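Asks: everything below, folded, please.
(one chain, ligands or ions: 2)
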Amino acid sequence: MGFLMADKTVQCPKCSQKITISGNPGEIIKATCPSCGNKGRVTFKKIVKKDDIAIEVSKLRKVYGDLVAVNDITFSIRRGEVFAFLGPNGAGKTTTVEMIESIRQPMGGTIKILGKDISTSFDDVKEKIGILPQEFRSFERLTVKETLEFFSKLYKKRASINVIIDAMDLRDQKNKLYMDLSGGLKQRVGVAIALVNDPEIVFLDEPTTGLDPKARREVWAVIASLRDEGKTVFLTTHYMEEAEFLADHIAIIHKGNIIAEGSLEELINKYGQGSILHIKKCKTKDAARILKENGFNVNTKNNGDIEIKIDFKERVLEILSILRHECIDYDSIDIRCSNLEEVFLHLTGARLSEEAYDAR
Ligand SMILES: Nc1ncnc2c1ncn2[C@@H]1O[C@H](COP(=O)(O)OP(=O)(O)O)[C@@H](O)[C@H]1O
Ligand SMILES: [Mg+2]
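Replies: Ligands and ions are numbered 1, 2, ... in the order given. Reported below is the predicted structural model:
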């Protein structure tokens with residue numbers, strides 16, 4: 001496939017030297033900076049036809065006694081995207097994802113992975129998926145390398161363990177025992193295990209729950225790199241920021257139902273309350289009147305701060321030019337954008353963080 005070879009210019013993170021490297025789409029090339037000797041990897045994005053469907057779920061259902069854990073849900077995931085299945089604890093995320101992984105038996109509906117109905121053809125796809133289960137733990141007294149070697153032997157198709165160790169940034173830990181690793185490193189080993197068969201689709205069930213913010217960011221970087229390699233990622237999470245940061249497509253699940261679906265932008269446009277520009281400590285008495293006269297939706301706070309609703313981002317420039325033109329004096333301004341928390345609040349009347357403790 002030499003004709004696909006592309007050049008990529010990257011900057012050495014250590015000395016800022018620019019280096020041009022050639023590679024094929026999907027390839028990860030080891031590079032050494034000619035200037036400072038720093039070693040790193042360069043990923044060449046895989047070209048995926050985004051319209052291809054990786055997973056298609058239709059009217060999926062699961063009931064436990066009186067509880068409808070998953071209520072006839074329908075959704076699909078495109079190849080090469082990070083799909084976030086977002087919802088509070090108890091919403092039905094793990095039940096859904098484990099039915100797709102063929103671990104739990106659905107009571108209704110169909111699931112297709114890469115075009116194959118898994119109720120009859122799971123064997124055709126099981127080598128093409130990788131799984132990080134919720135609250136995953138591995139063998140305490142195996143080293144990272146031994147762990148990956150063990151899981152790798154379960155599959156016919158095997159990725160190079162050294163490449164995975166490099167990609168997950170586990171080089172310094174490869175000879176350490178699993179039990180001696182921090183929570184963040186254990187999760188990275190979990191993701192690494194999900195990659196031993198070089199899967200096309202990776203399922204990650206709450207991969208950052210319980211991690212500190214730094215470790216969480218490190219796992220996010222790993223997930224973003226999976227997308228760069230062209231893998232499809234099914235991510236379940238109850239963290240808004242995680243979905244906001246990583247997802248191409250988001251489905252919000254609540255009490256077993258998908259209550260909204262779309263890209264972050266689509267969800268915010270449809271269910272968010274719009275963005276607000278705050279003028280802090282406004283010192284000009286007539287400012288609110290002037291802005292109102294110019295057709296803005298203005299709210300004056302008791303402390304003198306002014307809030308203006310922004311329907312289109314172009315309006316920010318208009319507001320700034322009025323402030324300047326009318327010599328309106330203030331301490332500072334900031335813009336608060338709508339986010340998924342607001343979307344969830346609008347749809348359910350509750351905050352996701354509160355819902356986490358009282359999902360049903
Ligand atoms: N094996 C089971 N038996 C009975 N109830 C279950 C079982 N698995 C899950 N549930 C219930 O189904 C609901 C959804 O659970 P789950 O899919 O684990 O949610 P999530 O992953 O979103 O936190 C919860 O109320 C949970 O208690
Ligand atoms: Mg769960």
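Asks: host element of Val42?
Replies: strand 39-43 (DSSP states H and E).
Asks: next, the buried residues of whichever helix or strand comes after that strand.
Replies: On the C-terminal side of strand 39-43, the closest following helix or strand by DSSP H and E is strand 53-64. For strand 53-64, the neighbour count (16 or more other CB atoms under 10 Å) marks 54-57, 60-62 as buried. Every residue, glycine included, has its C-beta placed from N, CA and C.
Asks: again with stretch 331-351
Replies: Under the neighbour-count criterion of 16+ other CB under 10 Å, stretch 331-351 has 333, 338-340, 342-345, 348 buried.
Asks: now the terminal residues of that stretch, how far apart.
Replies: Start-to-end span of stretch 331-351 (CA to CA, to the nearest Å) is 31 Å.
Asks: run through who's touching it.
Replies: If you take CB atoms under 8 Å, 6 or more residues apart in numbering as the criterion, stretch 331-351 is touched by 86, 240, 243-244, 250, 252, 254, 259-260, 264, 267-268, 271-281, 310, 316, 352-353, 355.
Asks: how far away is the spatially closest residue to Leu246 that is not a sequence neighbour from His325?
Replies: Sequence neighbours aside, Val82 is the residue nearest to Leu246 in space, at 5.1 Å (criterion: CB to CB, 6 or more residues apart in numbering). Remark: distance between Val82 and His325 (CB to CB, to the nearest Å) = 44 Å.
Asks: out of those two, which sits in the more crowded spot?
Replies: Neighbour count, other CB atoms under 10 Å: between Val82 and His325, Val82 has more, with 23 against 9.
Asks: Asp52 contacts Ser76, doesn't it?
Replies: No: using CB atoms under 8 Å, Asp52 makes no contact with Ser76, being 10.6 Å away.
Asks: give me the more crowded residue out of those two.
Replies: Each of Asp52 and Ser76 had its neighbours counted (other CB under 10 Å), and the higher figure belongs to Ser76 (15 against 12).
Asks: contacting residues around the more buried one?
Replies: Per CB under 8 Å, 6+ apart, neighbours of Ser76: 53, 55-57.
Asks: before we move on, what about Arg141?
Replies: Counting by CB under 8 Å, 6+ apart, Arg141 has contacts 177-179.
Asks: among those, who's most crowded?
Replies: Tyr178 (20 neighbours).
Asks: tell me how far that residue lies from Phe139.
Replies: 6 Å.
Asks: ok, now Ala247?
Replies: Ala247 sits at a distance of 32 Å from Phe139 (criterion: CB to CB).
Asks: quick one: which of those two has more around it?
Replies: Neighbours per residue (other CB under 10 Å) separate Ala247 from Phe139, with Ala247 holding more: 24 against 13.
Asks: name the nearest residue to the more buried one, sequence neighbours excluded.
Replies: With CB to CB, 6+ apart as the criterion, Ala247 has its nearest non-adjacent residue at 3.6 Å, and that residue is Ala84.
Asks: what's near enough to touch Lys270?
Replies: Counting by CB under 8 Å, 6+ apart, Lys270 touches 260, 262.
Asks: nearest to ligand 2, of the contacts of Ser76?
Replies: Ligand 2 has its nearest neighbour among the contacts of Ser76 in Val57, at 16.6 Å by CB to the ion.
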